[in-house]
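Peer 1: sequence first, predicted coordinates after that:
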There are 2 protein chains.
Amino acid sequence: MTEHEKNNASEDEDVFFDSVDGVQSTTVIADAELLEDIEELVRAEARPALLNILLDLHSADIASIINELPREEGRYLFEILPPEEASEVLLDLHENVREDFFEELSAKRLTEIVEELDSDDAVDIVAELDEAIAQQVLEKLEPEDSAELRELLSYDEETAGGLMATEFPVVQLAGTVEDAIAAVRETAEETPDIYEVYVVDEDGVMRGVVDLKNLLLVKPHTHISDIYDPEVISVRTDVDQEDVANVMRKYDLLTLPVVDADNHPVGIITFDDIADVIHEEAQEDIQRMSGIMEDTDTSSSIFEIFRGRLPWLLVGFAGEILAALVLSSFEAELSRIIAAAFFIPIIMAMGGNAGIQASSIVVRGLATGELALSRTFRRLVREVSAALLNGSILSSLLFAVVYFWIGDVNFGLTVALSLLVVMINATLVGATVPLILDRMDIDPALATGPFITTSNDALGLFIYLGFLSIIYL
Amino acid sequence: MTEHEKNNASEDEDVFFDSVDGVQSTTVIADAELLEDIEELVRAEARPALLNILLDLHSADIASIINELPREEGRYLFEILPPEEASEVLLDLHENVREDFFEELSAKRLTEIVEELDSDDAVDIVAELDEAIAQQVLEKLEPEDSAELRELLSYDEETAGGLMATEFPVVQLAGTVEDAIAAVRETAEETPDIYEVYVVDEDGVMRGVVDLKNLLLVKPHTHISDIYDPEVISVRTDVDQEDVANVMRKYDLLTLPVVDADNHPVGIITFDDIADVIHEEAQEDIQRMSGIMEDTDTSSSIFEIFRGRLPWLLVGFAGEILAALVLSSFEAELSRIIAAAFFIPIIMAMGGNAGIQASSIVVRGLATGELALSRTFRRLVREVSAALLNGSILSSLLFAVVYFWIGDVNFGLTVALSLLVVMINATLVGATVPLILDRMDIDPALATGPFITTSNDALGLFIYLGFLSIIYL
């Protein structure tokens, strides 16, 4: 721990400062030095000393530490945790670390852990288990919990149904504030996270919501119909998680009711679930743009890094062998004008850059729903116009460079014209391919990064050497 | 509107379905068809008909429509909105659209709009105004509001102080639930968003929090000290927004108290503010990785697109002219072995890909704080080992291709060895440059995308042709 400065804020609890200066917590926040201390204690198998440290930490920090430790040492740490702590920690572990742990945990220990969790978290854990183990866990649970989890398991993990928790208070529209408070009291036995009460009519159909704040500020006999908010945005269980995230972000919602096909409330999504979705979706787009197929991060093993990257490298490899074939088919031109080879890099790179710039905007626009309102054609016109402007400036510059360097006007004009055409072409490819993939229901993020670059390379070189051969032969 | 299916959920309000099937709202959700209807009405200046449509829409949807419309038509729409609607819509407009509007709005209208907003939103708007106009608005506001805004304006926009709202309820640790409810009542006059009450001691120092739920479930005379939660994570006003987002996401917090240097609560950050930060930071990283300098999106004008992209294109241009110089310095080798030119693309592309793959992981790890715990050296070893594995596979493949195609073992070995060295070198550059920039307090995202690709191009070609000249001359 870098700083243990005691703070006068609290007499019975120490306040510690994190390595991020200014973030304060009554629990200890993990940093690299603490990690090394823990690693030493694990090697010494100093169980009481470790437990002492761990129980002062937030579960998210214990998870960070286990993610960072070598797998064996991490497992030792996880095993000594009591079920309540273990369940919280398990949720925050990296998926690949968690998978390894599952192989070693007994159905009994897993059941203890699942019992501690809210329904939305419990279902995520059960869904990750092997079929046989999952069945054992479901059988060991209370019948009611088990039925709820089976129901939740039936939803696609990446939909509203897969994200929602089933613990929420409901009150009849004809009821009173007292009834609503009773519903809150009942729900509070299952979850600490309650922010609003759903209002339903006699058929159980969603009619609105009441804030806890509003319940607090009126008399217990007030009618719900006098204080509820009938304006409510909800999603059906089958709405995709990316759309759920976009809706919550767009309308600034901290919670979002989930309803079934008949508009009965069946769940609640809170913002912390959605923060992870926003983060993951952006991360996925970034990884795809960077030519990484599998989810890898700073804790991934060498083999995971290797395996995540190889597929796109192979795509790139194949594309560049095609580029080599294009070049070899212009061997005569290249050997006559060796200077033509000097400008292969600039043609490739500027086409690649223009393509990536155009594709990334379209891919993000599709991901965040911004493009839903847009008229595609107008968008393309703007992209190409901007490429025309940028291409003109860069082509003029290139002409000047080539002319003063090589001293040949025709050659300079050919290289410059090629650059302009390649940039406009790459922009068109970059902007349209993701749109086409999206229409075909393929993730448009696959079309950025290496894919756009590679396909623009072969195409760009063909354009460049094609122009050269027309003008010179 | 594509579907207007009436839902039996509600008798007094129509429920409309969005173009995203399954998202339901009691307000109309905008889609492309509605946009065209509105555009026609704007052209016809059909003010009553437009108001009729607009007042059925959520402010976020009105903003989406204005963002999409040509600037003049958008302004007409904005001008007919009443102040309350206008203030909400203004917040959701794109920054560049909002800037244009500011030039046209009177200080009086701006003051009306600012008065409607919560402090955290009001300060964002005032901060965007021209100095002179901002002063006029501040003078027209109530002295109390104006003092509060001046205080908030003193914080850096991208810190906790810049994000926080100042409307929150506080209760003394020695107080009762009744006192807390009174504090909630007072705060409720200023903002609808209240989820918890801060607990302070007699010196006003932060001691903990009480959920609204807990206030609801106990008797009014209960002592706060019996029900409050002393475990609270808070941030100081000067903590960077990216760290704020990481803390809230890591610890699953819906709200986060902000404290001053003496640990007095001064503000509250809610998750909706942070969702935008997570989104923006990811967007910024993606844009920088894609070679886009300024924030552009699907609604940006041609000139904005052009201006956002030119800087990185110029960097790329300069780098590739350097690559041309490298090639020209090996002119003798290139003219002797013209086949050497065929493999320029693959050397460039695979170096570029490997560099981007390594850099993007490091950049994201730094952005999300995941790398804080990591030991950098171990990370580098893993990256280079994975590159060695991938490089070996691709080099073997390349040797086979070149050998069967060109039929020259030495040449095949040279090209294959070059590829391996270039990939490992690019990985090292990609993984270390962002770390170095981060140490120097420069945004590491600047080091991915075009920067890494371009610097690897010249370096990679130098390695490739250097090997060739050593072996052949």
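Peer 2: The structure has been received and is ready for your questions. Numbers count the residues shown, from 1 in each chain, chains lettered A, B, ... in the order given.
Peer 1: which stretches in the stretch 151-300 of chain A count as helices?
Peer 2: For the stretch 151-300 of chain A, the helices defined by DSSP state H, counting those that start in this stretch cover A:160-163, A:177-188, A:212-216, A:224-227, A:241-250, A:271-289.
Peer 1: pick the most deeply packed of those.
Peer 2: helix A:160-163 (a mean of 26; mean count of other C-beta atoms under 10 Å in any protein chain shown). The C-beta positions use only the backbone N, C-alpha and C, and glycine is treated the same way.
Peer 1: quick one: that one to chain centroid distance?
Peer 2: Chain-centre distance of helix A:160-163: 16 Å, with C-alpha atoms, centre = their mean, to the nearest Å.
Peer 1: do the same with stretch A:74-86
Peer 2: Distance of stretch A:74-86 from its chain centroid, counting by C-alpha atoms, centre = their mean, is 27 Å.
Peer 1: span of it from start to end?
Peer 2: Start and end residues of stretch A:74-86 are separated by 12 Å (C-alpha to C-alpha, to the nearest Å).
Peer 1: cool, and stretch A:362-379?
Peer 2: OK, stretch A:362-379 end separation, C-alpha to C-alpha: 9 Å.
Peer 1: for that stretch, what does the pLDDT average out to?
Peer 2: Averaged across stretch A:362-379, pLDDT comes to 71.
Peer 1: quick check: the residue of the stretch 101-250 of chain A nearest chain B.
Peer 2: When scored by C-beta to the nearest C-beta, the stretch 101-250 of chain A has residue A:236 as its residue closest to chain B, at 3.6 Å.
Peer 1: measure that residue to residue B:404 for me?
Peer 2: Relative to residue B:404, residue A:236 is positioned 57 Å away (C-beta to C-beta, to the nearest Å).
Peer 1: neighbour-wise, which of these two wins?
Peer 2: Shown here are residue A:236 and residue B:404; by other C-beta atoms under 10 Å in any protein chain shown, residue A:236 has more neighbours (19 against 9).
Peer 1: beta partners for that one?
Peer 2: Beta-bridge pairing for residue A:236 (DSSP bridges): residue A:259.
Peer 1: care to break chain A down by domain?
Peer 2: Following the assignment in automatic domain parsing, chain A carries domains at A:16-158, A:170-284, A:302-472.
Peer 1: as TSV, those domains with distance to residue B:152 would be great.
Peer 2: Listed next are the domains of chain A as TSV, based on distance: least, C-beta to C-beta, whole Å:
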stretch	distance to residue B:152
domain A:16-158	18
domain A:170-284	19
domain A:302-472	28
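Peer 1: out of these, flag the one nearest residue B:438.
Peer 2: domain A:16-158 (13.8 Å; C-beta to C-beta).
Peer 1: pass me the low-pLDDT residue ranges in chain A, would you?
Peer 2: A:1-21, A:25-32, A:293-299, A:370-375, A:447, A:473 (pLDDT under 70).
Peer 1: just the strands from it, written as ranges.
Peer 2: All strands of chain A, identified by DSSP state E, fall at A:16-17, A:23-25, A:170-172, A:196-200, A:206-211, A:233-236, A:255-259, A:265-270.
Peer 1: which of these sits closest to residue B:118?
Peer 2: strand A:206-211 (15.6 Å).
Peer 1: send me that closest one as CSV with only the CA atoms.
Peer 2: Extracted C-alpha coordinates of strand A:206-211, given in CSV (Å, rounded to 0.1, in the frame of the first residue of the first chain):
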residue,chain,number,x,y,z
MET,A,206,-47.7,-2.2,-16.6
ARG,A,207,-49.2,1.2,-16.1
GLY,A,208,-46.4,3.3,-14.7
VAL,A,209,-43.9,3.7,-11.9
VAL,A,210,-43.5,5.5,-8.5
ASP,A,211,-40.2,6.7,-7.3
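Peer 1: helices or strands next to it in the packing?
Peer 2: strand A:196-200, strand A:255-259 (3 or more C-beta pairs under 8 Å, 6 or more residues apart in numbering or on different chains; DSSP states H and E).
Peer 1: recalculate using a threshold of 7 Å.
Peer 2: Using 3 or more C-beta pairs under 7 Å, 6 or more residues apart in numbering or on different chains; DSSP states H and E, the elements in contact with strand A:206-211 are strand A:196-200.
Peer 1: show residues contacting the strand it packs on.
Peer 2: A:168-173, A:180, A:183-184, A:206-212, A:224, A:228, A:255, A:257, A:265 (C-beta atoms under 7 Å, 6 or more residues apart in numbering or on different chains).
Peer 1: distance from the chain centre to it, please.
Peer 2: 30 Å.
Peer 1: that strand pairs with which strands?
Peer 2: strand A:170-172 (parallel), strand A:206-211 (antiparallel).
Peer 1: so which of these is the most surrounded?
Peer 2: strand A:206-211 (a mean of 23).
Peer 1: how much space separates the residue nearest the centre of chain A from chain B?
Peer 2: Closest to where the C-alpha atoms of chain A average out (C-alpha atoms, centre = their mean) is residue A:280, at 0.8 Å. Taking C-beta to the nearest C-beta, to the nearest Å as the measure, residue A:280 and chain B are separated by 10 Å.
Peer 1: let me see the contact set for the residue of the stretch 101-250 of chain A closest to chain B.
Peer 2: Here residue A:236 is in contact with A:160, A:259, A:261, B:22 (C-beta under 7 Å, 6+ apart).
Peer 1: many thanks, have a good one.
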